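1. only geometry, no sequence info:
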């Protein structure tokens with residue numbers, strides 16, 4: 001075996017080992033990665049003018065709530081929501097609730113493509129603006145959280161042991177012992193015949 005072949009074999013072995021280990025942890029890697037992004041971007045929204053998506057997010061919330069939520073309330077509200085989602089994904093605490101809030105949040109985010117179409121499309125529906133591109137990249141986050149959500153689904157229960165037979169109160173009867181079979185080539189022993197009974201002596205017959 002040449003040196004190149006040995007090196008190739010080692011690389012393949014190392015990659016197979018890495019792939020096997022990563023496959024077991026891929027769901028956790030996706031979950032924590034998305035959680036870090038939400039924590040990062042959510043913290044930025046607590047400070048005015050720090051998030052590039054702050055303005056369009058505030059305007060979209062104003063349209064969806066018909067102006068009932070002012071900008072000074074919607075910004076910290078969005079920040080709190082994203083930080084809560086991020087904490088849930090990173091730590092795994094209340095994960096189902098965090099995933100539910102995430103998907104509801106994504107529904108609101110993608111509704112911006114319709115309610116603020118003039119701001120997110122240069123030529124709908126194929127040429128998004130920079131804000132539109134910022135929204136559309138969330139498709140990757142949705143796919144990642146779908147993978148996490150399906151991995152969290154409860155697996156099918158393993159089949160348990162067979163149930164014990166019901167107690168009927170009747171003791172089991174022992175099996176009859178099998179009769180021994182004669183060996184090959186041996187003659188079967190003749191069965192013993194009963195001896196004939198003695199004939200009765202007739203009355204008046206002579207003895208001797």
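-> Now that the structure is in, tell me what you want to look at. The model shown is predicted, which means the values in this text are computed figures rather than measured ones.

2. Not counting sequence-adjacent ones, nearest residue to the spatially most central residue of the chain?
-> Closest to where the C-alpha atoms of the chain average out (C-alpha atoms, centre = their mean) is residue 151, at 3.6 Å. Nearest residue to residue 151, sequence neighbours excluded (C-beta to C-beta, 6 or more residues apart in numbering): residue 27, at 3.9 Å. Heads up, the C-betas are built off the backbone N, CA and C, glycines and all.

3. Test my guess that that neighbour contacts residue 148.
-> Yes - shown here, residue 27 and residue 148 form a contact pair, counting by C-beta atoms under 8 Å, at 5.5 Å.

4. immediately after the helix or strand where residue 16 lies, which helix or strand?
-> In the assignment (DSSP states H and E), residue 16 maps to helix 3-45. Using DSSP H and E, the helix or strand that follows helix 3-45 in sequence is helix 54-64.

5. how far out from the middle of the chain is that next one?
-> 36 Å (C-alpha atoms, centre = their mean, to the nearest Å).

6. What residues of it count as buried?
-> Across helix 54-64, burial judged by 16 or more other C-beta atoms under 10 Å covers 54, 56, 57, 58, 59, 60, 61, 62.

7. what angle do that helix and helix 3-45 make?
-> 60 degrees (axes from the mean of the first three to the mean of the last three C-alpha atoms, to 10 degrees).

8. Just the residues contacting helix 54-64, thanks.
-> 45, 48, 51, 69-71, 74-75, 77-78, 108-109, 111-112, 115-116, 119-120, 131 (C-beta atoms under 8 Å, 6 or more residues apart in numbering).

9. What average pLDDT does the helix holding residue 16 get?
-> If you average the pLDDT over helix 3-45, you get 90.

10. From the contact counts, what lies against that helix?
-> helix 71-91, helix 138-151 (3 or more C-beta pairs under 8 Å, 6 or more residues apart in numbering; DSSP states H and E).

11. hey, which of those helices is tucked in deepest?
-> Of all those, helix 71-91 carries the top mean neighbour count, a mean of 18, counting by mean count of other C-beta atoms under 10 Å.

12. Specify the angle between that one and helix 54-64 in degrees.
-> 110 degrees.

13. chain center to the helix or strand following helix 71-91, what's the gap?
-> Counting by DSSP H and E, the element after helix 71-91 in chain order, helix or strand, is helix 95-115. Centre-to-centre, helix 95-115 and its host chain are 22 Å apart (C-alpha atoms, centre = their mean).

14. Same check on stretch 136-156?
-> 11 Å.

15. Same question for stretch 60-70.
-> Here stretch 60-70 is found 38 Å from its chain centre; the criterion is C-alpha atoms, centre = their mean.

16. That one - what's its average pLDDT?
-> 87.

17. Between its first and last residues, how far does that stretch reach?
-> 11 Å (C-alpha to C-alpha, to the nearest Å).

18. picking up where we left off before, the helix holding residue 16 vs helix 138-151, what angle?
-> Using the same axes, to 10 degrees: helix 3-45 against helix 138-151 is 100 degrees.

19. dump the residue contacts of the residue nearest to residue 151.
-> 147, 148, 151, 152.

20. Distance check, the first one against residue 27.
-> Spelled out, it's residue 147. 6 Å (C-beta to C-beta, to the nearest Å).
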